[in-house]
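A.B. asks: Here's a sequence, model it:
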Amino acid sequence: MRWIRRIVVVALVILFTSGLVAVALSAKDYGTPAFWAAPDRINYCGRRYDRGPGSVHGTARYFVHRDTGSTAGVRWQRIGRTFVLRPIYATVLLHPMAKTLCAGSLFVPIIGRGNYVEYELSGGP
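C.D. replies: The predicted structure follows:
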């Protein structure tokens, strides 16, 4: 019986430590210790994107057209995942000089079909 108690204690210590690591990494990478929630900020392509004030609703085609006024040369693409594996999408275009991908806005889906949290570029180009 004593060995069962030791296994339970070790398992609880591992679980608690894993939770602390998740909170710390989420706070560092996404600006919030709530790793299960949509992030407060996302860093992508050497830029910082801050969370918008509310949620937005639309399709990928709508967001691509809204960000650029056209769908030519721009696409909707999954560029990563949050700490709890939620996809991060972006309206992406190929930068003509550096041939690298750069994003207009970033989006993380939330509850409900077509509902997203939007992230806008913070600061310079």
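
A.B. asks: List the beta-bridge partners for L93.
C.D. replies: Beta-bridge pairing of L93 under DSSP bridges involves V74, C102.

A.B. asks: doesn't G104 make contact with it?
C.D. replies: Yes - using Cβ atoms under 8 Å, L93 is in contact with G104, at 7.2 Å. Where C-beta positions appear, they are placed from N, C-alpha and C, glycine not excepted.

A.B. asks: contacting residues around the closest residue to G58 other than its chain neighbours?
C.D. replies: Excluding its sequence neighbours, the residue lying closest to G58 (Cβ to Cβ, 6 or more residues apart in numbering) is G114, at 6.1 Å. The neighbours of G114, taking Cβ atoms under 8 Å, 6 or more residues apart in numbering as the test, are 57-59.

A.B. asks: Please list only the buried members of those residues.
C.D. replies: Neighbour counting with 16 or more other Cβ atoms under 10 Å marks none of the contacts of G114 as buried.

A.B. asks: From these, which land in strands?
C.D. replies: Secondary structure from DSSP state E places H57 of the contacts of G114 in strands.

A.B. asks: What strand or helix carries L121?
C.D. replies: Using DSSP states H and E, L121 sits within strand 115-122.

A.B. asks: helices or strands up against the helix or strand of the chain with the lowest mean pLDDT?
C.D. replies: Least confident element among the helices and strands of the chain, by mean pLDDT, DSSP states H and E: helix 60-68 (a mean of 77). With contacts defined as 3 or more Cβ pairs under 8 Å, 6 or more residues apart in numbering; DSSP states H and E, helix 60-68 has these neighbours: strand 74-81, strand 87-94, strand 101-109.
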